[in-house]
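In: quick check, what structure comes out for this input:
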Amino acid sequence: MSGEKTGAEVFIKDKELAWIPARLLDMTADKATVSVPSYGDELDIEMGGRGASKWADATVNLKDYAEFGKQLPLQNNKILDDMVDLPYLHEAAILFNVKARLKDALPYTRTGDIVIAVNPYTWLTHLYAEDQQLLYANRLVWEKHDQDPRKLVPPHVYEVSALCYRGLAVDGRNQSILVSGESGAGKTETVKIAMNHMASLQRGPVKATGEAYSSPVVKRIVDSNPILEAFGNAKTRRNDNSSRFGKYINLQFARQAPQPGEVDICNLAGSKCNVYLLEKTRIVGHDEVEGAYHIFYQILNSPDDIKAGLNPCLKGSKCEDYKYVGKLNFVRKIDGMSDAENFEHLTNSLGLVGVSGESYQTMFSAIVSVLILGNMSFQDKGGDDEKSEVKSTDVCKQASDLLGIPMEVLELSFTERTMKTRNEEYKVPLKHPIAKEGCDSFAKEIYARSFLWLVREINSATSAEENYEGGGQSDFGIIGLLDIFGFESFPVNGFEQLCINYCNEKLQQKFTKDIFQSVQEEYKYEGIDLDDIKFDDNSDVLDLIEGRGGLLAMLNEECVRPSGNDGAFVSKAVSGNKKSKCLLADMRMGPLEFGIHHYAGKVMYNAGGFVGRNTDSLPVDLKKCALASTNDILANHLENDAMTKTESKAAAAPPPASGKGAPRRGKSNLVSDTVWTKFKTQLNSLMAGLALTSSRYIRCLKPNKFKKALKMQHLTTIEQLRCAGVVAAVTISRSAFPNKLDHVGCLERFRMMREAGAKEIEDPVEALNDLLDPVLKGREEDGKKAYVPGKTKVYFRAGALEFLENERAKHLGKWAIHFQKVTRAYLVRKLLGGLRMKSKAPNALRIQQWFRCLVARKECKKRQKKKKMAGKKKKKQVKAAIKLQAVARGFIVRPQFQKKLKEKREKERLKHEVKDLEDKVREAEMRRMKEVEEAREAAEKEIEAYKAMVQEEKKADKEKSKKAAQQQTLIDESGKIIEYLRKENMKLRNQNDSMRKDFKSLKENNARLMEANASASASFTALNDHAKQLNATNAKLIKNVEAYKAQLEKLKEDLKTRQSYYLAEAEARLAYQKTMAQIVGTIQDKCRDAQLTEDVVIMALECEAEAKSERAALDVGGKKAAAPAPAAAAKKKAPPPPDSSSDDDDSDDDSD
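Out: Numbering: from 1, shown residues only. Okay, here's the model as predicted:
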């Protein structure tokens, strides 16, 4: 077959990179030639080969693309939020669409009802802000839309949480979110984001507040997460913090009273957590590159005082001291925290869920005992290899003390086994390897029971039944969050991987049914016959595992047989399921190897230890030993499989009494439930619960192994897409019609294939039939068209769209040839015309010269005339412009000049006013200074007069010493007055200084005003304000002067009051003298004692002399009162004599 040149952009397979983009150059029936871009790093590969360093041709065998109808899968020319809308939807298209979105910091992509969440390895704050929470809440919960509301918002975890909340609130149906992915894909963080958003929805339709919303219930759940991580997470080959158990969190919602016409609001009331399949083998051993459970390292790497608080035997111990943990070859850091920091955080979290005090000590005694049991060793007893005894008795003693079990009882339970027959019971000694196996089983059981005990404590602290404020309610709405281990395939896969992959097969079965249902709804809406939908589910794999003759039944059977072993199990499984296409068995495999073709790919298993791990039952002796322990977890919870304390109490309740009946048969140790049976029961219970809910799916992807932000590796991502079931979902949705286009897009893309002159058809379906029928006629099979038009889209069967693209490329090639023909004809005609003109060139040149000269001369005259007219016109325009400029400038400048003139006049006026004010102030100050000086001089003169008068009186009355004393009293009184006047004078001086300061301030303000007037010609308003301030200062000064005058008047009134007081006192003394004279006269007349009469007369004479001196002082005071007012003011300001203070004190005493 001849080659077909297309140039289409396609994808090709690559062993190391899974899929890479290419450009199709040529294609035959079996081979295709493509151009492949080269990149330095696979993280930089993009669709279309953008950014490639170079291109190289390569040949591709189309037999490797049988699933695409021997066609290379085409690239999409755009990146979409919902990959269901991609025209070419296949594995490569999914990979590159997700990769392109991750590069643009968009880690979420939608595929129908599935949200793909890629771990970006960086926190994208803008995606989780409050406005984003409210956007999804309003669009998907509170608002009503005629179309699918998901089309209004980009893909996000918030989309899933909002739709679940609406399904619960509006439809009243319980919801579930199934989060899956491998270790490090971000499952736990995704669950946290979804929980926080669902908690924020209970606020109802609110506006953004700028503050992050926090729910106490979610906080309790998140705070309890470090507990489960410490006891259930460990380092694996792929992840340093891998969950080695599955958990299903039931968020419990209480419905509020419904409001008419509004969406019901459901309040988050509490939560419950169920756990599945804890990896117990990791308790007693692990690979060198992996680790034990975090709790062991957290205990052993804590400070010695903390370890001693847990148990004294831990003080000074290291990881390498315990065989279950082993030597630590690297520095452990989980979430950026050391083991000691994580243990401190764990202790705080345990306190929040009520594990403290005695319960705290009980739990850690059990955990530490697991470490101790790992160091126990056994040996042959007395040289008899059929018997055993404890070799490390000191270790046994430590374990005995920790568990509260007598050492003898503990040792016998390890080295002997009780056997029962119909009539008797006897002890059988054990070999030392079997004794060690029993010791390990005991350690695993203690750890597993402690883990379940912790789960019950957490549920007790978070469940709505025990903590919701409403109380008494039991019919809570449920939104379940399943954080389950993803599909696992390692170099060596054991019993745990088989259980995990079995669980994923069950979930994939439900996922397949849900996807098929959504595809049915789409096809039904588009009007497409549902008979065209055919797909393969994974029921054959589940039949192989859990069928009547499947792996589960055969392994349980082998566990029951006394001589059952792993090799016999593999042999029976392979021989009994030969017809199963899913079982992989080959002669080249070892006796313990077999494989299963899971939905995600082929996985090879090594059955070593399957029987022992599946049995995992504790011998009767060890059970009795545990029940005798003083540790509450072992004594009371050894067989408690419940997840909540409520279930524990119900299981522990005694059965109701009944009448006589047949005795129940005791449960044999040989037929006890195996690990797989228990897990299957748990899994069936989980699937039954999920079947009662509306499920939504979040598939988490780990984009690269190097934890680089916003980068993706191809091969690991493709494997995860397959394991997550995304590729299977695409296969189901496109099982009948792998490709689809909307009507308008299809008509626009392939319109060049229409025949020339064809009529335009308005109906899109008829137009499509008219366009596609002739082209795809040859691809019909069994009477079925290669395409089916729906109401809004066209669906193409396998290979049909690729065939259309090739035909389109052919038509484009035909049109290209037509365009080339027309272009070449034009170029040839142009060349021939030039040759013809070349032969006539000499004559043509003369004609051209003459004609060009004529045209040039005419053009020259025209330009000269035009130039002359332009010059005249320019002169007129210049004159007119000058005139206009003069008028305009005058018009502009005149108001400015008038304004400046007005400001200058105002400035001059203010200067004159300020000058007048200064003159007035100066004159007032001069007058005041003059009055003060005159008052001072008058006061000094008056004081001198007082002094002269006193001296004269002293000279006149020298003979009378008592009269001199009275005069001295008068002088003292005068000194007081003088002192008072001096103080008043000082006050006036201070006031004068204050006025001078105000005047100085006035001068400074005036100077600033003058400077402002000189510099700010355009600031009249500021000048006016300053003038107002000056006026206010002047008014203040005038007000102060008035106050001083008022104080002076007050001083005058005070002086008059004192003079009146002194006059009244003098008059009283005169009345007293008159009375005294009467008394003396009476005594002289009637008293017979001459001495007494003489004494009374002397006293009377002294009183009379005193009265005369006071009268003289009053006469002088009257003269002072008649003096003018300035003189009185001067008296107040007069300085006191140097020795007046002591005189004042003496005069006060005398007056008293």
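
In: and the gap between the closest residue to Ser539 other than its chain neighbours and Leu683?
Out: Leaving aside its chain neighbours, Ser539 sits nearest to Gln509 (7.0 Å; criterion: Cβ to Cβ, 6 or more residues apart in numbering). C-betas here are computed from N, CA, C, even on glycine. Distance of Gln509 to Leu683, computed by Cβ to Cβ, to the nearest Å: 11 Å.

In: of those two, which one has the most company?
Out: Higher neighbour count among Gln509 and Leu683: Leu683, with 20 against 17, using other Cβ atoms under 10 Å.

In: contacting residues for that one?
Out: Contact analysis of Leu683 by Cβ atoms under 8 Å, 6 or more residues apart in numbering lists Tyr276, Tyr502, Cys503, Lys506.

In: and of those residues, the nearest to Asn556?
Out: Tyr502 (13.7 Å; Cβ to Cβ).

In: is that closest one in contact with Ile545, as I believe?
Out: Yes - here Tyr502 reaches Ile545: they are 5.3 Å apart, a contact under Cβ atoms under 8 Å.

In: quick one, helices of the stretch 1051-1152 of the chain?
Out: Ranges of helices within the stretch 1051-1152 of the chain are 1090-1122, 1125-1133, 1140-1151, based on DSSP state H, counting those that start in this stretch.

In: okay, how far is it across stretch 99-112, tip to tip?
Out: One end of stretch 99-112 sits 18 Å from the other (Cα to Cα, to the nearest Å).

In: residues contacting it, please?
Out: With Cβ under 8 Å, 6+ apart, stretch 99-112 has contacts from 46-47, 79, 81-84, 94, 97-98, 115-120, 124, 127, 150, 154-157, 159, 515, 518, 703, 710-712, 714, 717, 726, 729-730, 733.

In: please narrow those to those residing in helices.
Out: Using DSSP state H, the subset of these located in helices is 94, 97-98, 157, 159, 515, 518, 714, 717, 726, 729-730, 733.

In: least confident of these?
Out: Minimum pLDDT across the ones in helices among the contacts of stretch 99-112 is recorded for Ser733, with 64.

In: about what we covered before: of the contacts of stretch 99-112, buried ones?
Out: The neighbour count (16 or more other Cβ atoms under 10 Å) marks 47, 79, 81-84, 94, 97-98, 115-120, 127, 150, 154-157, 159, 515, 518, 703, 710-712, 714, 717, 726, 729-730, 733 as buried among those.

In: stretch 276-296: how far from the chain's middle?
Out: The chain centre lies 33 Å from the centre of stretch 276-296; the measure is Cα atoms, centre = their mean, to the nearest Å.

In: now for the ones in helices among the contacts of stretch 99-112, which pair is the farthest apart?
Out: Ser518 and His714 (27.8 Å).

In: and the longest helix for the protein?
Out: Of all segments of type helix in the chain, defined using DSSP H, the longest is helix 841-956.

In: now it, how far from the chain's geometric center?
Out: That offset, for helix 841-956, works out to 62 Å (Cα atoms, centre = their mean).

In: could you shift the numbering so residue one becomes 20, and keep it that way?
Out: Will do, 20 is the new start, and the previous item becomes helix 860-975.

In: show me what that helix is packed up against.
Out: The contact analysis (3 or more Cβ pairs under 8 Å, 6 or more residues apart in numbering; DSSP states H and E) places helix 860-975 against helix 980-1034, helix 1039-1105, helix 1109-1141, helix 1144-1152.

In: could you check how far Glu1003 is from Ala958?
Out: Noted for Glu1003: a distance of 10 Å to Ala958, by Cβ to Cβ.

In: ok, Lys597 next?
Out: The gap separating Lys597 from Ala958 is 142 Å, by Cβ to Cβ.

In: looking at these two, which one has more neighbours?
Out: A direct count of neighbours by other Cβ under 10 Å for Lys597 and Ala958 places Ala958 higher, at 26 against 8.

In: kindly state the pLDDT recorded for that one?
Out: We have a pLDDT of 75 for Ala958.

In: cool, the one 3 residues further on as well?
Out: Per-residue confidence (pLDDT) for Glu961: 77.

In: to what extent is it buried, counted in neighbours?
Out: When counting by other Cβ under 10 Å, one arrives at 23 neighbours for Glu961.

In: and what of the one 10 residues further on?
Out: Per other Cβ under 10 Å, the neighbour tally for Glu971 reads 11.

In: contact partners for Cys522?
Out: Taking Cβ under 8 Å, 6+ apart as the criterion, Cys522 is in contact with Gly265, Tyr295, Leu296, Ile503, Phe504, Phe698, Leu702.
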